[in-house]
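Asks: here you go, sequence then predicted model.
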Amino acid sequence: MADALDPSLNAPSPARTNPFQEALGRLSNRNRLALLIGIPLLIAIVAATLLWTREPAYRVLFSGLSDQDGGAILTALQAQKIPYKMTDNGSAIMVPPERVHEIRLGLASQGLPRAGNVGFELMDNSRMGLTQFQEQVNYQRALEGELSRSIQSLGSVKSARVHLAIPKPSIFIREQNRPTASVLVQMYPGRLLERAQVAGIVHLVASSVPEMATSAVSVVDQTGALLSSGEMTGSGLDSSQMEYLRAMEQQYTRRIADLLTPIVGGQNVRAQVAIDLDFSRAEQTDEIYKPNTDATQAAIRSRQSSESHDPVPVANGGVPGSLSNTPPGVATAPITGNAATNPTATPARPNAPVPESVKRADTTNYEVDKTVRYVREPVGRVRRISTAVVVNHRSSTVNGAVVNTALTPEELAQIKALVNDAVGFSPDRRDSVSVINIPFNENALEKPEEVAFWQQSEVIGLAREIAIGLIVAIAVLYLILGVIRPAVRQMTAPPPPPEPVVPNYGLNLPPEAGVAGEVEAAEDPLERVRRFARDNPQVVANVIRQWVNDPQSAP
């Protein structure tokens with residue numbers, strides 16, 4: 001009887017179930033669906049991340065390659081069994097990072113990449129028997145290729161081609177022509193060459209070819225736009241001169257505006273300045289000699305005196321001829337008998353003395369007072385300045401109405417004087433300054449309607465990007481916090497305590513009693529016992545009787 005009434009023997013043993021199934025069974029249908037979607041998605045993300053991290057990294061070996069260079073490099077890589085990847089529509093080749101420098105050196109020894117142009121390596125393969133014309137053509141091709149490679153080294157240039165027109169040398173100076181060059185550059189998308197870079201390309205090409213001037217080099221981009229500044233405009237000025245002229249005019253205009261804005265207001269004055277500049281180059285050399293001065297005040301550089309004495313020969317008579325032109329020697333009379341016996345006789349007289357010719361020359365050199373002046377006219381000299389200024393009428397409010405009044409002649413004269421000083425007015429240059437006071441059109445002064453801040457395209461694009469980022473972040477947070485986290489928490493939660501089982505002590509309870517007990521398991525145990533005693537008084541009486549007869553069976 002005791003064994004029959006023992007609760008531990010009569011209570012049903014709990015069934016062994018899988019903890020995962022129990023945790024899954026405690027989830028609601030919504031959580032189960034979210035868990036079934038979230039777990040595969042999370043596994044896919046983790047798997048993709050692992051595959052991406054395990055994939056070997058590659059670095060760019062060469063980029064911006066032509067089809068010829070790309071094919072040659074791929075052939076070399078395949079011959080060496082080097083793994084590679086191609087990106088950027090086949091114009092870039094990537095290899096393992098630890099072998100980038102090794103591969104570059106190996107390809108450089110093979111002359112790769114050639115950048116689509118041949119350089120001076122063309123001269124290495126020259127064969128015997130080439131004519132002078134062929135050698136000149138090969139040299140020109142090699143020079144064009146080297147210049148193209150140098151220009152392609154710029155970061156903004158994708159490719160470049162150089163064409164040289166080198167005339168044949170001539171022995172006649174008048175028939176010699178200057179060499180010219182043209183450069184075609186292809187830019188990367190979204191990049192432009194700055195003016196300094198264009199000037200650098202021009203000077204690079206001009207310095208590489210003898211007797212080539214920078215003005216003989218033309219640079220054109222892939223759209224056909226002329227980039228070099230050597231072109232001449234309709235006014236005979238090149239682009240650099242036009243830019244300098246425009247900058248000077250803007251500078252003078254800003255001077256006038258800055259000077260008159262505090263007086264009449266920024267919206268009440270308009271000014272324009274036209275400058276005539278002389279860009280001609282002139283060089284002049286003058287030698288000025290001072291007129292002759294008094295000899296006593298002049299500086300003597302050198303003085304030379306010479307004097308000569310020449311005898312004057314006596315004219316000889318006789319028959320013309322060589323003998324008559326030669327003076328005879330001094331003759332002596334022979335001694336005769338009379339002379340010998342008469343010593344007092346007068347001797348014969350010799351010839352009379354020959355007269356002399358005296359010449360005297362004095363040469364005096366004086367210092368010359370000379371002035372040598374070398375004048376080089378400056379380039380960009382201002383020849384004339386024309387200024388036009390328009391001033392609006394003065395606005396005033398009278399009895400609530402806006403009234404426009406003209407400026408007085410004294411005020412206009414003062415404004416004109418200020419403008420003259422601002423532009424450096426010079427009557428010698430025939431400068432002109434015009435100041436006019438006239439009412440402005442109010443509609444022209446109205447500012448254009450500004451677009452609201454939130455309607456600007458930049459703001460709209462930024463807001464769109466921020467919204468997309470927020471949506472993605474919210475979706476990820478919802479997946480983590482709203483699906484995965486509750487599911488993991490419910491799966492790891494401890495199971496609820498087992499429901500107390502009311503022993504039947506071997507008594508035959510009606511089937512509905514057990515069902516009612518299971519349904520009301522969540523109720524208060526004391527209330528459940530009271531309800532059971534009220535519905536089954538006979539069973540309760542038997543239990544109490546059993547406890548009284550056998551105290552050991554009592555709980």
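Replies: Great, that's in hand.

Asks: Asn31 contacts Arg489, doesn't it?
Replies: No. Judged on Cβ atoms under 8 Å, Asn31 makes no contact with Arg489 at a distance of 10.4 Å. Just so you know, the C-beta spots here come from the backbone N, C-alpha and C atoms, and that holds for glycine as well.

Asks: these two: which is more packed in?
Replies: Set Asn31 next to Arg489 and count neighbours by other Cβ atoms under 10 Å: Asn31 wins out with 17 against 10.

Asks: roughly how far apart are that one and Val483?
Replies: Asn31 sits 7 Å away from Val483, taking Cβ to Cβ, to the nearest Å as the criterion.

Asks: shared neighbours of the two, anything?
Replies: Common contacts of Asn31 and Val483 (Cβ atoms under 8 Å, 6 or more residues apart in numbering): none found.

Asks: next, count neighbours for Ile484.
Replies: The burial count assigned to Ile484 is 17, neighbours taken as other Cβ under 10 Å.

Asks: nope, Arg104 is what I meant
Replies: For Arg104, the neighbour count with other Cβ under 10 Å is 15.

Asks: now do Arg195
Replies: 13.

Asks: quick one: contacts for Val219?
Replies: By Cβ under 8 Å, 6+ apart, the neighbours of Val219 are Ser182, Val183, Val185, Val198, Ile201, Val202, Leu226, Leu227, Ser228.

Asks: if you set the cut-off to 10 Å instead, what comes out?
Replies: Val219 makes contact with 151, 160, 162, 181-185, 193, 197-199, 201-202, 205, 225-230 under the criterion Cβ atoms under 10 Å, 6 or more residues apart in numbering.

Asks: would you say Met94 is within a strand?
Replies: Yes. Met94 forms part of a strand when assessed by DSSP: H, G, I helix; E, B strand; the rest coil.

Asks: excluding chain neighbours, what is closest to it?
Replies: Closest residue in space to Met94, ignoring its immediate chain neighbours: Tyr58 at 3.8 Å, by Cβ to Cβ, 6 or more residues apart in numbering.

Asks: neighbours around Ser302, how many?
Replies: So Ser302, with other Cβ under 10 Å, has 9 neighbours.

Asks: is it true that it touches Asp362?
Replies: No. Under the criterion of Cβ atoms under 10 Å, Ser302 makes no contact with Asp362, lying 11.7 Å away.

Asks: what residues does stretch 83-94 touch?
Replies: 56-67, 69-71, 73-74, 77-78, 95-96, 99-100, 103, 113, 158.

Asks: can you give me the helices for the stretch 251-400 of the chain?
Replies: Ranges of helices in the stretch 251-400 of the chain, per DSSP state H, counting those that start in this stretch, are 337-341.

Asks: and the residue nearest the centre of the chain, what pLDDT?
Replies: The C-alpha lying nearest the average C-alpha coordinate of the chain belongs to Glu194 (Cα atoms, centre = their mean; 5.8 Å). Per-residue confidence at Glu194 stands at 87 (pLDDT).

Asks: same question for Pro510.
Replies: Reported pLDDT for Pro510: 50.

Asks: also Ile275?
Replies: Ile275 carries a pLDDT value of 92.

Asks: before we move on, what about Leu130?
Replies: pLDDT, Leu130: 77.

Asks: now the residue lying closest to it once chain neighbours are set aside: which helix or strand?
Replies: Closest residue to Leu130 in three dimensions, ignoring its sequence neighbours and counting by Cβ to Cβ, 6+ apart: Asn138, at 7.6 Å. Using DSSP states H and E, Asn138 falls within helix 132-152.

Asks: and the next helix or strand after that helix, C-alpha only, in CSV?
Replies: Next helix or strand after helix 132-152 toward the C-terminus (DSSP H and E): strand 157-165. In CSV, the C-alpha atoms belonging to strand 157-165 read as follows (Å, rounded to 0.1, in the frame of the first residue of the first chain):
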residue,chain,number,x,y,z
VAL,A,157,49.8,61.8,-69.0
LYS,A,158,48.6,58.4,-70.1
SER,A,159,50.4,58.3,-73.4
ALA,A,160,52.4,60.7,-75.7
ARG,A,161,53.7,60.9,-79.2
VAL,A,162,56.3,63.3,-80.5
HIS,A,163,56.8,64.3,-84.1
LEU,A,164,60.0,66.1,-85.1
ALA,A,165,60.5,68.0,-88.3
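
Asks: what's strand 157-165 packed up against?
Replies: Counting contacts by 3 or more Cβ pairs under 10 Å, 6 or more residues apart in numbering; DSSP states H and E, strand 157-165 packs against helix 132-152, strand 180-187, helix 195-208, strand 217-220.

Asks: ok, which stretches of the stretch 301-450 of the chain are strands?
Replies: Taking DSSP state E, counting those that start in this stretch to define them, one finds strands in the stretch 301-450 of the chain at 356-366, 370-376, 381-391, 394-398, 401-405, 432-437.

Asks: the third one: partners in the sheet, and parallel or antiparallel?
Replies: The reference is to strand 381-391. For strand 381-391, the paired strands and their directions (DSSP bridges) read strand 269-278 (antiparallel), strand 432-437 (parallel).

Asks: Asn536 is nearest to which of the helices and strands packed on strand 157-165?
Replies: Closest of those to Asn536 is strand 180-187, at 98.6 Å (criterion: Cβ to Cβ).
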